[in-house]
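Trainee: Below is the sequence, then the predicted model.
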Protein chains: 2
Amino acid sequence: MSPDLLLQPMTLRTIAHSDISEFSRKNLTSSAATVQFTLIHGLFNLYSIMNFTRLFCKLLLNTARPQTLCTRIQTIRLKSTLPHLSSVMMSTNLRILVDMDGVLADFEGHFLKRYQEKYPREPYINVADRHGFYLNEQYAKIKPELKDLVFSVYEEAGFFLDLPPIAGALETVKELDNMNDIDVFICTSPVQKYTHCVTEKFQWIDKYLGNDFVTRMVLTRDKTVVSGDLLIDDKPNITGAEKNPSWEHILFTTPPNSRIQSNPSPRRLNGWHDRDSLNRIIESKRKEKFVKIIECQN
Amino acid sequence: MSPDLLLQPMTLRTIAHSDISEFSRKNLTSSAATVQFTLIHGLFNLYSIMNFTRLFCKLLLNTARPQTLCTRIQTIRLKSTLPHLSSVMMSTNLRILVDMDGVLADFEGHFLKRYQEKYPREPYINVADRHGFYLNEQYAKIKPELKDLVFSVYEEAGFFLDLPPIAGALETVKELDNMNDIDVFICTSPVQKYTHCVTEKFQWIDKYLGNDFVTRMVLTRDKTVVSGDLLIDDKPNITGAEKNPSWEHILFTTPPNSRIQSNPSPRRLNGWHDRDSLNRIIESKRKEKFVKIIECQN
């Protein structure tokens, strides 16, 4: 196929169900851009490589029902040229917002350790027996005075800086951030008495993930006003001023939220080692974003 | 007019140019909702009052060319019922993000004062002679060693907490926030050496605007990922991971940015006493948001 063809406006409508075989295993190459349409076993992949250097988008339109997919594609009229579409995709990385306490940093485990050191004669709750998002509420049910003891533990200087990282968190976050089409942002809320907490949260990210991540930190009590594609957070219900946040909340499973059922219930990530779920979630967001971009071109 | 009529789907298309006289000075009232269509002197106002208690949206579709307005309205097909539209509007307040340094807090003035106290024998730059966003760059042009002296001033403990408020800032921000359809968020970036800065920014807001505003603080080096309708900021070019931020940048004029011309040039606010400009900007965003909401209903 002539390279010039790629620079002309194309309609994805042309890839109707009946045309699938024609596009199967066909690679179209030009000196300006390489666009591969590969249709294998009901999967439709659009890879677009600019400048022969960087695979800047791998957008998988994946479906178990190729019929549905094709009907969908048939309805999409792509008015722009593919190089233009490529440049739009290049500027729209997937943004993953990652919470700190309970997701990157082991708040619950460290709390229990410090609480037992500080108040060895007081009753305590094992992490596995924790339920409900707020520690102080469960402790207050044992006896009301424990509430203030709970606060005194995590309001102490050094508490947030000393939190140990959660298993697999740092590696996975760095790995995600190294992907060409993903930006990771740290999105975290300070506690009510913020004096030590805010600075230590910055120091923690600096220490464990480096200064590059410090420039991608967002510290706020209202995460609904932060825009992103995914928010990985262990808080079951995240509400705020924005009634329709741009992100999809992925509930990071921890003992306190493991039994919580919410409606509608968010998709879950059962720890950083649950890579299959994470990959599935990311792929689905890529697909969603790709469809949105194409629809916006109309 | 019967109250029931209001609960039926209505099309704004019906308000064509020829129909204007019919709608003129007509008030439609029901026990569930009061919706007023008032067309006076080329202004089209949609007021919607729910529960007879709160004027929850005052969305002004204002134009000097009624002809254009009517053509626009003619093209809008409003499929939803007005009560539904009202509830959508109620949940979509105008969100104004307000920067701190140079906008709420007098960074430049306080810097000069502290610099002169700390280094009385060193050359200095009067605030009126400042140009360019970064202080250290202009000082370094006098002599390179001054750069580190500049840092040493604002990296000192207490510097950010001691910043005096800018004239009119606190009153205006509180006034805006008291409006029914406006949410004010504080959106601020910490300096490179954040140790004192981050906590003191929280303390400053707590001290001057109160704890309610602390819950609406967003601390980040990348403001493009914060969603809002307006960002009032004195930094001339605000860039980041999000290439199409949801907010419109309003450049808050200060001596350092007064001569800066950027392309495209943002609308300016020449201080908090420039209420006419501020009101015009807010009205235009209300109108824009209203049009977007109606278009989204289609």
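Mentor: Done, it's in.

Trainee: Please report the number of neighbouring residues for the closest residue to A:P123 other than its chain neighbours.
Mentor: Of all residues not flanking A:P123 in the chain, A:I142 sits nearest, at 5.3 Å (C-beta to C-beta, 6 or more residues apart in numbering or on different chains). Just so you know, the C-beta spots here come from the backbone N, C-alpha and C atoms, and that holds for glycine as well. Neighbourhood size, A:I142 [other C-beta atoms under 10 Å in any protein chain shown]: 13.

Trainee: which outside residues touch the strand or helix carrying A:H249?
Mentor: In this structure, A:H249 sits in strand A:248-252 according to DSSP states H and E. Under the contact criterion C-beta atoms under 8 Å, 6 or more residues apart in numbering or on different chains, strand A:248-252 has outside partners A:99, A:102-103, A:229-234, A:236, A:238, A:257, A:265-269, A:271, A:281, A:285.

Trainee: With stretch A:131-151 instead?
Mentor: A:108, A:111, A:115, A:118-119, A:122-123, A:125, A:130, A:154, A:193, A:234-236, A:255-260.

Trainee: how near is the residue nearest to A:P123 to chain B?
Mentor: Note on A:I142: its distance to chain B, by C-beta to the nearest C-beta, to the nearest Å, is 29 Å.

Trainee: ok, back up a step: mind checking which of the contacts of strand A:248-252 land in strands?
Mentor: Of the positions in the contacts of strand A:248-252, A:230-233, A:267-269 sit in strands, assigned by DSSP state E.

Trainee: Let me know the secondary structure of A:Q261.
Mentor: Three-state call for A:Q261 (DSSP: H, G, I helix; E, B strand; the rest coil): coil.

Trainee: And the strands in the stretch 101-250 of chain A?
Mentor: Ranges of strands in the stretch 101-250 of chain A, per DSSP state E, counting those that start in this stretch, are A:182-188, A:217-220, A:230-233, A:248-252.

Trainee: before we move on, the earlier item: so which of the ones in strands among the contacts of strand A:248-252 is the closest to chain B?
Mentor: Ranked by distance to chain B (C-beta to the nearest C-beta), these are led by A:L231 at 11.6 Å.

Trainee: Run through the residues that contact the closest one.
Mentor: A:97-99, A:187, A:223, A:238, A:245, A:247-250.

Trainee: Tell me the residues of the stretch 151-298 of chain A that contact chain B?
Mentor: Contact residues, the stretch 151-298 of chain A versus chain B (C-beta under 8 Å from any C-beta of the partner chain): A:183, A:185, A:190, A:194-196, A:198-199, A:202-203, A:214-222, A:225-228, A:241-243, A:246.

Trainee: Among these, name the buried ones.
Mentor: Those of those that meet the buried threshold are A:183, A:185, A:190, A:194, A:196, A:198-199, A:202-203, A:214-222, A:225-228, A:241-242, A:246, by 16 or more other C-beta atoms under 10 Å in any protein chain shown.

Trainee: Restricted to helices, list the residues you listed.
Mentor: Using DSSP state H, the subset of those located in helices is A:198-199, A:202-203, A:214.

Trainee: possible to save the residues you listed as TSV with distance to B:F159 and pLDDT?
Mentor: Output for these, formatted as TSV (distance: C-beta to C-beta, whole Å; pLDDT from 0 to 100):
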residue	distance to B:F159	pLDDT
A:V198	16	96
A:T199	14	97
A:F202	17	97
A:Q203	19	98
A:V214	20	97
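
Trainee: Which one of the residues you listed is nearest to B:G210?
Mentor: Closest approach to B:G210 among these (C-beta to C-beta): A:V198, at 17.5 Å.

Trainee: shouldn't that closest one be in contact with B:I205?
Mentor: No: assessed by C-beta atoms under 8 Å, A:V198 is found out of contact with B:I205, at 11.7 Å.

Trainee: End to end on stretch A:97-114, go ahead and measure it.
Mentor: 28 Å (C-alpha to C-alpha, to the nearest Å).

Trainee: Low-confidence ranges, the stretch 151-298 of chain A, go.
Mentor: Along the stretch 151-298 of chain A, the parts satisfying pLDDT under 70 run over A:293-298.

Trainee: rerun that using 80 as the cut-off
Mentor: Along the stretch 151-298 of chain A, the parts satisfying pLDDT under 80 run over A:262-264, A:290-298.

Trainee: just to revisit the earlier point, are any of the contacts of stretch A:131-151 buried, and if so which?
Mentor: Buried among those (16+ other C-beta under 10 Å): A:108, A:111, A:115, A:125, A:130, A:154, A:234-236, A:255-257.

Trainee: Throw those into a markdown table and include distance to B:K292, thanks.
Mentor: Output for the buried ones among the contacts of stretch A:131-151, formatted as a markdown table (distance: C-beta to C-beta, whole Å):
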| residue | distance to B:K292 |
| --- | --- |
| A:E108 | 42 |
| A:F111 | 44 |
| A:Y115 | 49 |
| A:I125 | 48 |
| A:R130 | 43 |
| A:Y154 | 42 |
| A:D234 | 34 |
| A:K235 | 30 |
| A:P236 | 31 |
| A:P255 | 43 |
| A:P256 | 39 |
| A:N257 | 35 |
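
Trainee: In these, find the pair that's most separated.
Mentor: A:Y115 and A:P236, at 22.9 Å, using C-beta to C-beta across these.

Trainee: Roughly how far does A:S265 sit from A:F252?
Mentor: 14 Å (C-beta to C-beta, to the nearest Å).

Trainee: Counting neighbours, go ahead and name the busier of those two.
Mentor: Neighbours per residue (other C-beta under 10 Å) separate A:S265 from A:F252, with A:F252 holding more: 25 against 10.

Trainee: could you check the distance from the more buried one over to chain B?
Mentor: 20 Å.

Trainee: Show me what that residue bridges to in the sheet.
Mentor: A:L269 (DSSP bridges).

Trainee: how much space is there between it and A:P266?
Mentor: The spacing between A:F252 and A:P266, counted by C-beta to C-beta, is 10 Å.

Trainee: How about A:I142?
Mentor: Counting by C-beta to C-beta, the gap from A:I142 to A:P266 is 30 Å.

Trainee: What segments of chain A are helices?
Mentor: A:3-7, A:20-23, A:66-75, A:82-90, A:107-118, A:135-142, A:146-154, A:169-178, A:197-209, A:211-214, A:275-296.

Trainee: Domains in chain A, by residue range?
Mentor: Structural domains annotated on chain A: A:3-92, A:95-104+A:165-278, A:107-154, as defined by automatic domain parsing.

Trainee: Just the terminal-to-terminal distance for the shortest one.
Mentor: The reference is to domain A:107-154. Domain A:107-154 has its terminal residues 9 Å apart, counting by C-alpha to C-alpha.

Trainee: next one: the second one
Mentor: End-to-end distance for domain A:95-104+A:165-278: 14 Å, by C-alpha to C-alpha.

Trainee: what do you get for stretch A:235-246?
Mentor: Terminal-residue distance, stretch A:235-246 (C-alpha to C-alpha): 17 Å.

Trainee: Same check on stretch A:238-246?
Mentor: Counting by C-alpha to C-alpha, you get 13 Å between the two ends of stretch A:238-246.

Trainee: How about stretch A:130-141?
Mentor: 12 Å.

Trainee: May I see the buried residues of it?
Mentor: In stretch A:130-141, counting by 16+ other C-beta under 10 Å, buried: A:130, A:133, A:135-136, A:138-140.
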